[in-house]
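1. Sequence unavailable; structure follows:
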Ligand SMILES: *Cc1c(COP(=O)(O)O)cnc(C)c1O
């Protein structure tokens with residue numbers, strides 16, 4: 001169920017102005033929000049290096065914003081390397097974290113200059129034999145999380161019990177495993193699993209050190225930092241409290257990396273779509289929009305999130321309503337059973353917190369083009385748009 005808010009008609013003025021200039025549908029991206037999120041997370045995890053998970057919203061303006069703030073990039077494909085090549089990123093500020101790679105992927109990433117990779121099994125480790133003098137590896141360990149909406153330790157990561165053997169194999173082959181990584185999942189409700197994972201990795205790192213092996217000097221704690229999709233607020237400083245405590249117990253030679261995607265990108269984008277048609281079917285008010293689950297709302301299918309919606313009306317009645325997307329497929333429904341006022345053709349529907357895993361996974365099914373993104377407070381293109389309009393990325397419901 002999407003949370004939603006009915007605001008008065010006059011509160012939709014800034015969105016109507018944007019649509020008048022740029023058309024509909026629209027995604028309004030605000031790089032200032034990324035800067036604020038980056039600052040908040042940096043403050044919550046002092047000493048950690050922040051690598052933005054590019055896949056959550058692969059947009060050059062966000063990438064540049066993160067780089068300007070002092071962060072690095074977490075990459076997982078050749079396409080992501082191509083995207084950032086034009087931004088003249090120092091490859092030293094990138095890590096390649098896909099645990100499964102073709103030789104070509106390794107060669108291309110090396111040619112770009114990225115030298116940190118992730119492995120989680122013997123076959124992957126062996127792929128690095130020809131390049132062992134040029135790389136450092138992180139071993140991804142699996143810690144299953146039931147508190148994460150998207151469990152990412154099911155598909156990747158070696159079992160904790162296998163880690164020592166892989167590290168030993170790396171040492172025997174001269175392939176340097178310089179640290180450990182994990183990613184417990186996305187949109188984690190609490191930090192129990194991260195804290196547990198940090199403790200277990202700490203034990204492994206210390207044991208390794210005790211047997212006199214080359215020290216593992218990196219711990220990558222992955223992403224998973226949550227945002228609120230119900231109009232509330234996540235206090236990231238409090239959220240990270242136990243993570244901070246666990247990190248303090250690591251040996252001083254260990255550098256910590258975090259790989260936030262959603263936390264940086266989700267609040268940075270707001271969608272604006274328009275009602276283009278309406279009908280009453282079985283007592284339900286159906287509204288057909290120019291954007292839907294094959295487009296910017298794709299995250300409702302792939303990422304299992306429900307975005308807070310906002311409509312603008314001063315009408316008194318409330319009717320059970322459906323918001324449907326523009327394609328001919330019946331699954332293209334954004335929200336059902338919303339109690340909305342009577343809406344009209346041309347009225348706007350705003351979706352908040354729509355930066356992460358939305359545009360990134362949008363399709364052009366039915367040959368409906370992908371939604372245009374306009375950028376505010378843009379470090380890449382200084383002809384920024386409509387800076388005077390106030391748009392609060394965090395809707396309060
Ligand atoms: C997707 C991904 C991330 C980002 O996850 P969020 O939940 O968006 O923070 C970080 N690291 C790896 C390896 C990933 O695959």
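-> Received it, and whenever you're ready, just let me know what you need. Since the structure is predicted, the reported quantities are computational estimates derived from the model, not experimental observations.
2. Can you give me the domain assignment for the chain?
-> Residue ranges for the domains of the chain, per automatic domain parsing: 4-28+268-396, 31-265.
3. possible to save those domains as a markdown table with mean pLDDT?
-> Written out in a markdown table, the entries for these read as follows (pLDDT from 0 to 100):
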| stretch | mean pLDDT |
| --- | --- |
| domain 4-28+268-396 | 93 |
| domain 31-265 | 94 |
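4. Quick check: phi and psi at the residue lying closest to residue 381 once chain neighbours are set aside.
-> Closest residue to residue 381 in three dimensions, ignoring its sequence neighbours and counting by Cβ to Cβ, 6 or more residues apart in numbering: residue 375, at 6.7 Å. Using the backbone N, CA and C atoms, a C-beta is placed for each residue, glycine as well. In this entry, residue 375 is assigned phi and psi values of phi -120, psi 130 (degrees, to the nearest 10).
5. What about residue 375, how many residues nearby?
-> Residue 375 is flanked by 23 other residues according to other Cβ atoms under 10 Å.
6. re the thing from before, mind checking which of the domains of the chain is nearest the ligand?
-> Ranking these by proximity to the ligand (Cβ to the nearest ligand atom) places domain 31-265 first, at 2.3 Å.
7. now do the same end-to-end measure for the closest one.
-> End-to-end distance of domain 31-265 (Cα to Cα, to the nearest Å): 9 Å.
8. tell me how far that domain is from the chain's mean position?
-> Relative to the centre of its chain, domain 31-265 is centred 13 Å away, using Cα atoms, centre = their mean, to the nearest Å.
9. And stretch 43-50, what's buried?
-> Buried positions in stretch 43-50, judged by neighbour count with 16 or more other Cβ atoms under 10 Å: 44-45, 48-50.
10. just stretch 355-368 next, same as before
-> 355-362, 365, 368.
11. near the ligand, which residues of the stretch 151-300 of the chain show up?
-> Applying Cβ under 6 Å from any ligand atom, we find that the stretch 151-300 of the chain lies next to the ligand at 152, 183, 186, 222-225, 259-263.
12. again, only this time at 8 Å
-> Proximity of the stretch 151-300 of the chain to the ligand is assessed by Cβ under 8 Å from any ligand atom, with 152, 156, 181, 183, 185-188, 222-225, 259-263, 265 identified as the residues in range.
13. For this protein, which segments count as helices?
-> For the chain, the helices defined by DSSP state H occupy 13-22, 31-44, 60-68, 78-85, 103-112, 122-127, 160-173, 192-210, 236-239, 241-248, 262-265, 299-302.
14. hmm, who's touching the first one?
-> Right, the one you point to is helix 13-22. Outside helix 13-22, the residues that touch it by Cβ atoms under 8 Å, 6 or more residues apart in numbering are 26, 28, 272, 274, 312, 348, 350, 372, 374, 385-386, 389-391.
15. Kindly report the same for stretch 82-99.
-> The set of residues that contact stretch 82-99 without belonging to it, under Cβ under 8 Å, 6+ apart, is 51, 54, 58, 60, 63-64, 67, 71-77, 105, 109, 112-121, 124, 138, 140, 156-157, 181, 220, 257, 259, 380.
16. can you check stretch 333-343 too?
-> Residues beyond stretch 333-343 that count as contacts (Cβ under 8 Å, 6+ apart) turn out to be 1-2, 4, 6, 275, 278, 284-285, 287, 289, 292-293, 297, 300, 306, 309, 311, 313-325.
17. just stretch 200-217 next, same as before
-> Outside stretch 200-217, the residues within contact range by Cβ under 8 Å, 6+ apart are 141, 143, 160, 163-164, 167-168, 171, 176-180, 182, 219, 246, 249-251, 253-255.
18. Can you select the buried ones from those in PyMOL?
-> Burial among these is assessed by 16+ other Cβ under 10 Å; the matching PyMOL selection reads:
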select buried, resi 141+143+160+163+167+176+177+178+179+180+182+219+246+250+254
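19. if we can go back for a sec, hang on, isn't the residue nearest to residue 381 packed against residue 269?
-> No: because the distance of 9.6 Å does not satisfy Cβ atoms under 8 Å, residue 375 is recorded as not touching residue 269.
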